[in-house]
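> Just to be clear, the model below is a prediction. Sequence and coordinates:
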Amino acid sequence: MKYRLIGEQYLKDIQKRRNQIIDAVVNRYLENAEPVSSAYVCDHSGLGLSPASIRTIMKDLEEEGFLVQPHTSAGRVPTVKCYRYYVRYLMPNIDLDESDIAAVRNKISEYMLLEHDADIFMNHVASALSEVTDLIGVVMSPVFKQAVFDRIEIVPISAASRYIIIISLKSGVVKTINITVDHLIPRRKVEETARLLTARLSGLTVCEIKNSIGERLQGVSGGDRSLLDVILTRSDVIFGFSEDSRVHLAGLSRLLSHSDFAGTADNSLRLAALFEHKIEIAEAINNSIPNIDDVSIHIGGSGSWGNYPPLSLVSTVYRSGNMDGAIAVIGPARIHYPRLSAIVKYTALMTSSFFSS
């Protein structure tokens with residue numbers, strides 16, 4: 001029994017040393033992006049070990065895929081595996097710095113006072129996130145199929161029987177689409193049609209409307225029949241919200257300016273392609289979305305996320321009524337995860353307060 005306890009303590013001591021070395025290497029590399037030497041770890045890890053012992057442990061970590069040595073004479077740098085380990089087991093929880101709080105609050109509060117359109121507000125939040133973090137800022141609207149319909153407005157835009165359909169959801173999201181009817185409709189009939197549709201559909205989810213609008217408008221009197229027929233025919237489009245329309249992005253140029261992406265045009269092209277394919281970003285956030293009040297960190301992976309250099313995704317959720325949206329930043333693997341986690345979480349709180357107000 002005594003020998004087993006001694007053996008367990010020995011293994012714990014080894015793991016503690018490894019953890020302290022990983023922590024020292026990651027924090028130093030996040031700070032200056034230079035390979036970390038064993039001499040630095042010896043001086044800053046607090047282990048009290050000789051440089052030779054430190055080198056031995058770092059060599060073991062390299063063989064296990066946690067560290068890599070770019071050049072024979074250079075120190076080591078963390079791998080994706082190392083970052084993931086650091087985030088899961090070693091990353092500290094930090095309080096957001098007052099300067100970061102002020103930067104996020106000042107930028108977003110201004111938009112909260114000026115904007116009533118949720119889509120425009122979310123674009124502003126993505127821009128504010130990008131400015132504060134110097135990365136790509138992402139805001140995702142709540143899942144539209146669960147969103148509750150509020151009202152419809154129909155606005156004539158020319159004398160040629162063309163109209164704008166404006167769909168407003170309870171979450172604050174607004175969608176517009178142009179339609180054309182084969183004849184000019186009196187304004188009072190247009191307004192009557194909008195009131196009829198609002199009365200029949202208000203309180204239903206977008207999914208319920210798409211599945212049952214024909215039945216709900218069957219046998220209605222009032223409004224303009226031809227206008228109603230066009231709306232029924234195009235209901236999948238009018239009440240359809242694509243996944244990529246949920247994603248609001250800002251800051252590609254900031255990310256491209258990072259030293260991690262310098263060197264080849266291929267890196268810039270890959271990032272630009274990811275920026276354009278919002279569906280892929282939406283899927284990545286949906287797959288990593290945490291429980292409310294938690295922060296999820298995703299580093300590397302398949303496709304664009306794992307290409308050299310690998311990308312990181314730090315995300316959390318915000319509340320919009322009874323639905324959840326997402327706040328995230330996208331950057332290289334070498335980012336300050338504790339600070340970004342705190343910024344993303346604080347931004348989500350502010351975004352939730354916009355929708356609750």
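On my side now, so go ahead.
> can you give me the strands in the stretch 151-300 of the chain?
Assigned by DSSP state E, counting those that start in this stretch, the stretch 151-300 of the chain shows strands spanning 162-169, 174-180, 247-250, 296-299.
> I'd like to know which elements the third one is packed against.
This means strand 247-250. helix 118-133, strand 136-140, helix 278-288 (3 or more Cβ pairs under 8 Å, 6 or more residues apart in numbering; DSSP states H and E). Just so you know, the C-beta spots here come from the backbone N, C-alpha and C atoms, and that holds for glycine as well.
> could these be laid out in JSON lines, adding mean pLDDT?
Compiled in JSON lines, those are given as follows (pLDDT from 0 to 100):
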{"stretch": "helix 118-133", "mean pLDDT": "89"}
{"stretch": "strand 136-140", "mean pLDDT": "93"}
{"stretch": "helix 278-288", "mean pLDDT": "83"}
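> most neighbours per residue, which of those?
Most buried of the helices and strands packed on strand 247-250, by mean neighbour count (mean count of other Cβ atoms under 10 Å): strand 136-140, with a mean of 27.
> rewinding a little: can you redo the helices and strands packed on strand 247-250 as JSON lines with distance to Gly251?
Output for the helices and strands packed on strand 247-250, formatted as JSON lines (distance: least, Cβ to Cβ, whole Å):
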{"stretch": "helix 118-133", "distance to Gly251": "3"}
{"stretch": "strand 136-140", "distance to Gly251": "4"}
{"stretch": "helix 278-288", "distance to Gly251": "13"}
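> Which of the ones you listed sits closest to Leu201?
Closest approach to Leu201 among the helices and strands packed on strand 247-250 (Cβ to Cβ): helix 118-133, 19.0 Å.
> and the closest one with strand 162-169, angle?
Helix 118-133 runs at 60 degrees relative to strand 162-169, counting by axes from the mean of the first three to the mean of the last three Cα atoms, to 10 degrees.
> I'd say Cys207 and Gln146 touch.
Yes - applying Cβ atoms under 8 Å as the test, Cys207 and Gln146 come out as touching, 7.0 Å apart.
> Select, out of the helices and strands packed on strand 247-250, the one closest to Thr176.
That would be helix 118-133 among the helices and strands packed on strand 247-250, by Cβ to Cβ, at 10.0 Å.
> what's next to the closest one, contact-wise?
For helix 118-133, the surrounding residues in contact (Cβ atoms under 8 Å, 6 or more residues apart in numbering) are 100, 103-104, 107-108, 111-112, 115, 135-139, 141, 171-174, 248-251, 254, 320, 325, 327, 329, 331, 340, 343-344, 347, 350-351, 354-355.
> OK, contacts around Ala39?
Pro51.
> what helix or strand does it sit in?
helix 38-44 (DSSP states H and E).
> Only the buried residues of that helix, if you could.
38, 40-42 (16 or more other Cβ atoms under 10 Å).
> Out of the strands of the stretch 151-300 of the chain, which is closest to Tyr83?
Nearest to Tyr83, of these and by Cβ to Cβ, is strand 296-299 at 5.0 Å.
> Paired strands for the closest one, with orientation please.
Neighbouring strands of strand 296-299 in its sheet, by DSSP bridges, are strand 311-320 (antiparallel).
> now the strand it pairs with against helix 278-288, angle please.
Using the same axes, to 10 degrees: strand 311-320 against helix 278-288 is 80 degrees.
> What average pLDDT does strand 311-320 get?
Mean per-residue pLDDT for strand 311-320: 90.
> Which secondary structure elements does the following helix or strand past it sit against?
Once the chain leaves strand 311-320, the next helix or strand it forms, by DSSP H and E, is strand 323-332. The contact analysis (3+ Cβ pairs under 8 Å, 6+ apart) places strand 323-332 against helix 118-133, strand 136-140, helix 252-256, helix 278-288, strand 311-320, helix 337-356.
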